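A.B. asks: what's the 3D shape of this:
(one chain, ligands or ions: 2)
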Amino acid sequence: VSKAVTKYGAQKGRKENKEKTQYDLILEDAVEFGEAEVVGGNFKAPTLEEGPKAESSDEDEKDMNVPKAIRDERVFKKLKKEADNLQKDRKSLPVYLYKAPLLEAVRDYQVLIIVGETGSGKTTQIPQYLHEVGYSKIGKIGCTQPRRVAAMSVAARVAKEYGCKVGHEVGYNIRFEDCTTDRTIIEYMTDGMLLRSFLNEPDMASYSVMMIDEAHERTLHTDVLFGLVKDVARFRQDLKLIISSATLDAEKFSEYFDNAPIFNVPGRRFPVSIHYTKAPEANYLDACVITVLQIHLTQGPGDVLVFFTGQQEIEEAMDLLSFKTRGMGTTMGELLVLPIYANLPTDMQAKIFEATPPGARKVVLATNIAETSITIDNIVFVIDPGFCKQNSFNPRTGMESLIVVPCSKASANQRAGRAGRVKPGKCFRLFTKWSYEHELDDDNAPEIQRSNLGHVVLMLKSIGIDDLLHFDFMDPPPPETLIKALEQLYALSALNDQGDLTKLGRRMAEFPMDPQQSKSLIQADKYKCVDEVVTICSMLGVDGAIFYRPKDKGLHADNARKNFHKPGGDHMTMLHVYKQWEETGFSLNWCMENYLQNRSLKRARDIREQLVDMLEKVEIEHSSNVNDVDGQRKSILSGFFYNTARLRKDGSYVTVKHPHTVEIHPTSSLFGQQPRLVCYHELVLTTKEFMRGCIEVKPEWLLEVAPHFYQSKDLDGFKGKMPKGQGAASGGFGAAK
Ligand code: CDP
Ligand code: MG
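C.D. replies: Residues are numbered from 1 along each chain as shown. Ligands and ions are numbered 1, 2, ... in the order given. As a prediction, this is how the structure comes out:
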């Protein structure tokens with residue numbers, strides 16, 4: 001690439017002998033890649049058939065003069081017609097060739113392991129095949145996905161192929177969003193949702209088949225599900241289990257499921273040449289953007305897929321790309337930059353699957369989700385910085401954080417494979433070959449071995465599984481992690497000193513939230529501020545950002561955010577934002593004026609509605625007291641008392657129980673205020689270990705809300721010393737509003 005770039009650059013330079021153009025700037029900092037190495041095997045002649053074009057006929061579907069029955073009939077016909085158009089695509093997928101033997105294998109064996117490369121059609125086709133031969137008459141066909149986006153987008157695709165609206169025959173079920181009806185026969189769901197459904201349906205009675213998909217990802221919930229479904233299959237002989245994986249080392253799954261047979265779906269894959277950088281890249285975000293442009297300037301047709309670690313990185317890269325390509329449009333083909341990450345709104349997600357217009361090039365900036373969970377057609381170039389975001393948990397201190405780490409060799413190879421679906425492709429790795437060979441681990445460690453298990457243990461205890469040390473885990477978590485989870489649940493009073501579930505614990509398990517948050521919510525009953533804490537939990541339940549910060553209006557956005565600051569801390573700010581939005585009648589304009597993400601707020605409102613509905617079942621009175629900031633904070637602290645840090649003389653913070661240096665995140669309303677004691681929502685590790693989502697609390701509250709956990713001596717030399725007025729009443733930011 002770099003050679004070609006230089007040549008192109010030279011020509012360009014000759015033509016325009018004036019100031020440096022954006023091209024020159026790109027070429028100046030061109031990333032240098034070393035020799036190619038080709039991977040990927042069974043090369044078959046390309047079958048590049050034109051996909052059928054869906055005829056869009058926006059007839060008078062919405063015309064209210066037409067009777068409903070006729071309108072429905074038209075919609076139905078239109079959906080069926082679109083589905084018919086997709087039949088050819090369906091038949092071109094590798095798995096189609098194996099439809100008959102696959103269905104025979106399912107018929108003959110209760111548990112079947114299916115292995116097939118990403119994009120071979122496992123997720124979208126197998127549930128439909130099962131439906132076609134009648135399994136849906138016995139019960140629903142379920143299919144789990146580790147990620148929400150995958151569950152939603154796959155359901156959308158399958159609904160289209162089936163010819164129905166999402167939520168009718170084909171639907172999805174994810175946390176806080178159940179898009180299924182009683183006519184749903186194919187249900188995609190997150191692994192977390194299936195786990196939760198064991199609370200109500202421990203024998204999975206409503207399903208005839210359950211497909212545990214993306215098993216190779218070994219997410220925490222999938223690993224726990226393995227143990228549960230294996231058990232159910234023993235006493236429900238009529239239940240069919242399919243474990244599907246995109247990687248070849250399926251023996252382990254087979255062994256675990258009592259030597260279940262492995263069914264291989266041979267993939268169709270073109271060779272992918274791998275290019276490494278000659279030297280390590282100091283800033284991979286920059287390097288990614290430059291490589292995208294190098295590809296665009298020098299390579300033939302084909303779309304580009306770039307792997308980032310999260311939403312924030314993706315947004316930064318989008319900004320940088322649009323900056324660098326300014327004024328470039330006229331000479332070069334159009335560059336369509338599309339993001340895909342977990343919290344992207346559905347309509348935006350759908351965009352990445354749309355065909356690229358002729359002459360343009362699509363660049364998809366994705367998180368790990370594009371590694372195996374979703375397949376984007378037409379990708380020919382992959383850019384892999386070699387990182388991913390992983391949660392890590394320290395069982396000694398009980399602290400968990402999300403950190404960016406080098407990905408594994410297995411991940412890097414999966415990523416490269418994405419480039420070879422339609423024709424021979426190229427993968428640009430933004431790290432050196434040496435680093436690949438010597439620094440990357442072979443495989444990702446299963447998530448269960450590096451996660452806080454509090455939530456899962458509470459779940460299992462509620463399902464009635466008491467002996468966790470002997471639970472049939474495929475790879476058992478470290479015993480100290482299990483013990484820590486039990487300790488934490490005990491400190492939260494969810495378990496008694498015998499390790500049995502308490503009434504409080506049972507109530508906590510009802511909420512689809514972390515035990516800490518559930519505890520906060522239940523304790524709010526005591527402080528009579530349930531409504532406020534429900535709102536706070538809903539705002540925390542939105543995984544995307546609430547505030548919006550466009551680069552070019554950064555200062556305005558920061559000021560807008562500061563105007564919402566409330567004394568007490570970030571949770572109060574969240575509450576305030578929601579209340580204000582509610583007062584404007586949920587106004588979109590108001591959101592835009594105040595740099596708030598309307599979408600996130602709407603999601604908070606949805607979550608809020610559902611949490612409010614759950615209150616009755618858990619026998620919580622819907623009390624409200626907006627002005628009792630202390631009560632609200634005590635409620636939060638009742639769940640999050642583990643997460644406290646005190647101010648040191650030098651201005652830094654140290655966690656109270658297991659001394660560890662942390663800092664208040666710069667986006668916190670408490671940043672710069674230096675309260676003596678704070679309780680934080682989570683730790684994030686970037687340049688430092690930051691506490692995100694902070695409230696100021698009083699030492700004596702700790703003794704009040706967590707007597708199991710804190711003794712007076714923990715707070716020695718500290719208790720009572722907080723000057724009056726440092727608490728709820730002070731706070732400069734809030735005064736502005
Ligand atoms: O599960 P597996 O990776 O084997 O493949 P799949 O997800 O069933 O995808 C098969 C094909 O369906 C892809 O190659 C895409 O063409 C299409 N697909 C889509 O168009 N939209 C989606 N959301 C998912 C799949
Ligand atoms: Mg799949």
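A.B. asks: buried set for stretch 620-633?
C.D. replies: With burial defined by 16 or more other CB atoms under 10 Å, the residues of stretch 620-633 counted as buried are Ile620, Ser623, Asp628, Val629, Asp630, Gly631, Gln632, Arg633. Where C-beta positions appear, they are placed from N, C-alpha and C, glycine not excepted.
A.B. asks: Could you list which of those belong to helices?
C.D. replies: Using DSSP state H, the members of those that fall in helices are Val629, Asp630, Gly631, Gln632, Arg633.
A.B. asks: so which of the residues you listed would you say is closest to Cys537?
C.D. replies: Relative to Cys537, the closest of those is Gln632; by CB to CB it sits at 11.3 Å.
A.B. asks: list the contacts for that closest one?
C.D. replies: Residues counted as contacts of Gln632 (CB atoms under 8 Å, 6 or more residues apart in numbering) are Ala524, Tyr527, Cys529, Glu532, Val533, Ile536, Gly568, His571, Met572, Leu575.
A.B. asks: go with 6 Å
C.D. replies: Taking CB atoms under 6 Å, 6 or more residues apart in numbering as the criterion, Gln632 is in contact with Cys529, Glu532.
A.B. asks: Leu702 too?
C.D. replies: Residues touching Leu702, when contacts are defined by CB under 6 Å, 6+ apart, comprise Phe641, Tyr710.
A.B. asks: Show the pLDDT at it.
C.D. replies: As summarised for this prediction, Leu702 has a pLDDT of 94.
A.B. asks: what's around the closest residue in space to Arg648 that isn't next to it in sequence, how many residues?
C.D. replies: Of all residues not flanking Arg648 in the chain, Val654 sits nearest, at 5.6 Å (CB to CB, 6 or more residues apart in numbering). Counted with other CB atoms under 10 Å, residues neighbouring Val654 total 13.
A.B. asks: Likewise for Leu468?
C.D. replies: 20.
A.B. asks: Chain neighbours aside, what residue packs nearest to it?
C.D. replies: Here the nearest residue to Leu468 in space, its sequence neighbours aside, is Leu482; by CB to CB, 6+ apart that works out to 5.7 Å.
A.B. asks: Flag every buried residue along the helix or strand harbouring that neighbour.
C.D. replies: With secondary structure defined by DSSP states H and E, Leu482 is part of helix 479-491. Taking 16+ other CB under 10 Å as the neighbour-count basis, helix 479-491 is seen to contain the buried residues Thr481, Leu482, Lys484, Ala485, Leu486, Glu487, Gln488, Leu489, Tyr490, Ala491.
A.B. asks: Going by residue numbers, what spans are strands in the stretch 51-200 of the chain?
C.D. replies: Secondary structure of the stretch 51-200 of the chain (DSSP state E, counting those that start in this stretch): strands at 111-116, 140-145, 170-174, 177-179, 186-190.
A.B. asks: before we move on, back to that, quick check: of the buried residues of helix 479-491, which lies closest to Asp238?
C.D. replies: Checking the buried residues of helix 479-491 against Asp238 by CB to CB gives Leu482 as the nearest, at 33.1 Å.
A.B. asks: Just the pLDDT for Glu28.
C.D. replies: 66.
A.B. asks: residues in this protein within reach of ligand 1, list them.
C.D. replies: Contacts of the chain with ligand 1, taken as CB under 6 Å from any ligand atom, map to 93, 116, 118-125, 153-154, 157, 353, 374-375, 377.
A.B. asks: Does whatever residue of the stretch 601-737 of the chain ends up closest to ligand 1 lie in a helix or a strand, and which?
C.D. replies: For the stretch 601-737 of the chain, the nearest residue to ligand 1 under the criterion CB to the nearest ligand atom is Arg603, separated by 21.0 Å. Counting by DSSP H and E, the secondary-structure element that holds Arg603 is helix 598-617.
A.B. asks: Strands of the stretch 601-737 of the chain, start to end?
C.D. replies: Per DSSP E, counting those that start in this stretch, the stretch 601-737 of the chain has strands spanning 644-647, 653-655, 661-664, 677-685, 689-696. These are given in chain order.
A.B. asks: So which residues make contact with the helix holding Arg603?
C.D. replies: Contacts made with helix 598-617 from outside it, assessed by CB under 6 Å, 6+ apart, are listed as 176, 345, 534, 538-539, 541-542, 544, 546, 581, 588, 591, 622.
A.B. asks: How far away from the center of its chain is it?
C.D. replies: Put simply, helix 598-617 sits 19 Å off its chain's centre (CA atoms, centre = their mean, to the nearest Å).
A.B. asks: could you give the mean pLDDT of that helix?
C.D. replies: When pLDDT is averaged along helix 598-617, the result is 93.
A.B. asks: For it, buried residues please.
C.D. replies: Neighbour-count burial for helix 598-617, with 16+ other CB under 10 Å as criterion, is recorded at 598-605, 607-608, 610-612, 615.
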